[in-house]
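Participant: next input, structure requested:
(2 chains)
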Amino acid sequence: MPEMIDQIFVLLKHWLMAYVPGTLQPIASAVLSVVPVLIAFPLLFAITTVLERKGLGRMQNRYGPNRVGPFGILQPMADGIKSLTKEDIIPRTADQAVHFLAPVMLVIASFLVYAVLPIGKNMVIANLNTGVLFFFAVGSMVELSVFMAGWSSRSKYSLLGAMRAIAQMISYEMPLVLASVVVIMAAGSLSTVTIVNMQASYTRIWPHWYVFTPWGLTGFVLFMIAATAESNRCPFDMPEGESEIIAGYYIEYSGFKFALFFLGEYLGMFATSAMAITLFLGGWAAPFSFLTWIPSYVWFFAKLLTIIMAFIWIRGTLPRLRMDQLMNFAWKFMLPLSLINIVGAGVWHFMPAGFARWLIVSLLVVVSCALLSRGLRRGKSFYVRTYRFAS
Amino acid sequence: MLGEGILKGLTETARNFLGSYVNKDRLTTVQFPEERLPQIEATRDFPFLVYDGSDWQAGLRCVSCQICEKECPPKCIYIEKSKDKKPDVTGKLQFYPTTFDIDISVCMSCQICVEVCPFDAIKMNVEFEMSSEDRFGGLLLRKEQLAKSNEYYNKIHPTEAAAVDAALAEERAKVEAKARQAAEAKAATPAPVAAPVAGETK
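Facilitator: Below you'll find the predicted structure:
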């Protein structure tokens, strides 16, 4: 019975496919796989926005939205209706076509990456044998749409925002990919489905998630930091920087296009979080062997919501970084550490299983982390700044 | 160690988050339309006209001297002076405003009109929920909307109004005393001439 509940969506699809004539089978199959994703994740976006606003409110000792519907849970509907009824302004000097295409492309790129994410057991739209590569390749289309938005608006603020966004996203793409390389090394495959299947076995009750190894934990932390930067979220939200460049690259967008940017950004965040789950947290696998009776998609979304909660928590805590701090962190800390982590994963692979490899790889990571963080601090002394020309 | 401050910050926000569900004192937000804070006494926003007695048309203190109109920095006051004179609350004949408009969409609540008024006729109100669907007419307050009784003034600004009332009473008493003195002096000195005058008035 648990098997059947676990596979209910797969079975449902097969049952529906039986009624489709042979020539239409490929299209029907694609539609039946894609449409649920197109519904589920925007719905998750709606839930996340209201949860985020309420959670942030509580962290700042206020209520958050509580007017629309019971406890304000209908707030996303109100927001959606509002953005639909708002005037859609395109600046007269803007590049009309590119200005229109930028948000569309962002949303398309954000949706495309869901093709390779296994949401549950046997629940993946396309089981590519280069799934991880596809994910990062399509994920970098986001950069392009961000720059399209910034360039086509013909506004200094949007161009500045786009420049910052591009600099930041390209810098953090590197540790993001390098952090996931360790998993590819361990799993020996680029297919997301294979990676999850490798993690979905248990020693007694404990799962074989990659996060429970020293290199996996380091990789996970690095991946999450890079993912925060990739999705332009606090504390790496400089491209938006309300207090400096107002809203960055989407300053000239209003109405539903603005909402599309928002949607694309959150979808990107969910996608990278889902990728982190797939790579390090065992995808849809249950955390303990005795909990496998709970359907796999429930586990996937539970993990996803946990990571989103962590994102919101981080956003409520940290102030925005400065551009040079951001760049220093990416190039002087994240990049070397992720490279060392790859060495660690190699050492782990070639050493015999046991306590020794735990100790050696952990030491390698911890010592290099400590040294690199010392390196980050070097040459930074606090002093009273004097202004030569002001006094 | 790298990340120590981040952990401290995370515990602080977690404390706030969980504490706000346990301890209601943390949530300082006042849910406005349902609950309100008591107004502080010095609250002020837009001017209104004070009248004495119960009839606003007869008791209006304003004598249409137009000082406030001239002093108003954004020029939001419009006054038309009457041609005739009417007795005010003390019985003295005075001019009165036939029109007295304040455009509160222009008014900047500076209180200069209140400070320059020699008759304590214009004071600051505390009413603030004045939104209107009519952008121009709805925000242009006429004489009848502006006129508020002295009791109302005493209610919204008790201390200030008491001081004004005392000052006014003192002034009126002074005027009366002066009049009485003048009358007495008149009655005392030219005694022989007074009799026919008195007779004349009968």
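
Participant: do I have it right that B:Tyr96 meets B:Arg61?
Facilitator: No. Judged on Cβ atoms under 8 Å, B:Tyr96 makes no contact with B:Arg61 at a distance of 9.9 Å. C-beta: built from backbone N, CA, C; applies to glycine.

Participant: now do the shared contacts for these two.
Facilitator: Overlap of the contact sets of B:Tyr96 and B:Arg61 (by Cβ atoms under 8 Å, 6 or more residues apart in numbering or on different chains) consists of B:Asp88.

Participant: all helices for the stretch 151-300 of chain A, in order.
Facilitator: Listed in chain order, the helices of the stretch 151-300 of chain A (DSSP state H, counting those that start in this stretch) span A:156-187, A:192-199, A:214-230, A:242-245, A:255-280, A:296-317.

Participant: okay, these in CSV with mean pLDDT, mean neighbour count and distance to A:Phe71 next?
Facilitator: Conversion of the helices of the stretch 151-300 of chain A to CSV gives the following (pLDDT from 0 to 100; neighbours: other Cβ atoms under 10 Å in any protein chain shown; distance: least, Cβ to Cβ, whole Å):
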stretch, mean pLDDT, mean neighbour count, distance to A:Phe71
helix A:156-187, 89, 21, 34
helix A:192-199, 88, 22, 35
helix A:214-230, 90, 24, 28
helix A:242-245, 74, 13, 27
helix A:255-280, 89, 23, 21
helix A:296-317, 90, 19, 17
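
Participant: make a markdown table out of these and add distance to chain B.
Facilitator: Output for the helices of the stretch 151-300 of chain A, formatted as a markdown table (distance: least, Cβ to the nearest Cβ, whole Å):
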| stretch | distance to chain B |
| --- | --- |
| helix A:156-187 | 15 |
| helix A:192-199 | 26 |
| helix A:214-230 | 9 |
| helix A:242-245 | 19 |
| helix A:255-280 | 18 |
| helix A:296-317 | 4 |
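
Participant: which one of those lies closest to A:Glu87?
Facilitator: When those are compared by Cβ to Cβ, helix A:255-280 sits nearest A:Glu87, at 6.1 Å.

Participant: around chain B, pick out the residues from chain A.
Facilitator: Contact residues, chain A versus chain B (Cβ under 8 Å from any Cβ of the partner chain): A:55, A:58-63, A:313-314, A:316-318, A:333, A:369-370, A:373, A:376.

Participant: pLDDT of stretch B:136-153, averaged?
Facilitator: For stretch B:136-153, mean pLDDT is 89.

Participant: list the contacts of the host helix or strand of B:Glu80.
Facilitator: Per DSSP states H and E: B:Glu80 is located in strand B:77-81. Taking contacts as Cβ under 8 Å, 6+ apart, the residues outside strand B:77-81 that touch it are B:64, B:66, B:68-69, B:95, B:97-103, B:113.

Participant: pull up the pairing partners for that strand, direction included.
Facilitator: Partners of strand B:77-81 in the sheet, by DSSP bridges, are strand B:97-103 (antiparallel).

Participant: ok, residues contacting the partner strand?
Facilitator: Contacts for strand B:97-103 (Cβ under 8 Å, 6+ apart): B:46-47, B:49, B:60, B:62, B:64, B:76-82, B:139-143, B:146.

Participant: now stretch A:86-99
Facilitator: A:100, A:148-149, A:151-155, A:252, A:254-257.

Participant: can you pick the most crowded of those?
Facilitator: Using other Cβ atoms under 10 Å in any protein chain shown as the neighbour criterion, A:Ala149 leads the contacts of stretch A:86-99 with 29 neighbours.

Participant: for B:Glu170, pull up the helix or strand it's in.
Facilitator: helix B:158-188.

Participant: what separates the spatially most central residue of chain A from A:Glu173, distance-wise?
Facilitator: Nearest to the geometric centre of chain A sits A:Thr272, at 2.5 Å (Cα atoms, centre = their mean). Between A:Thr272 and A:Glu173 the computed distance is 11 Å (Cβ to Cβ, to the nearest Å).

Participant: give the residues shared as contacts by these two.
Facilitator: Counting by Cβ under 8 Å, 6+ apart, the residues touching both A:Thr272 and A:Glu173 are A:Glu230.

Participant: thank you, goodbye.
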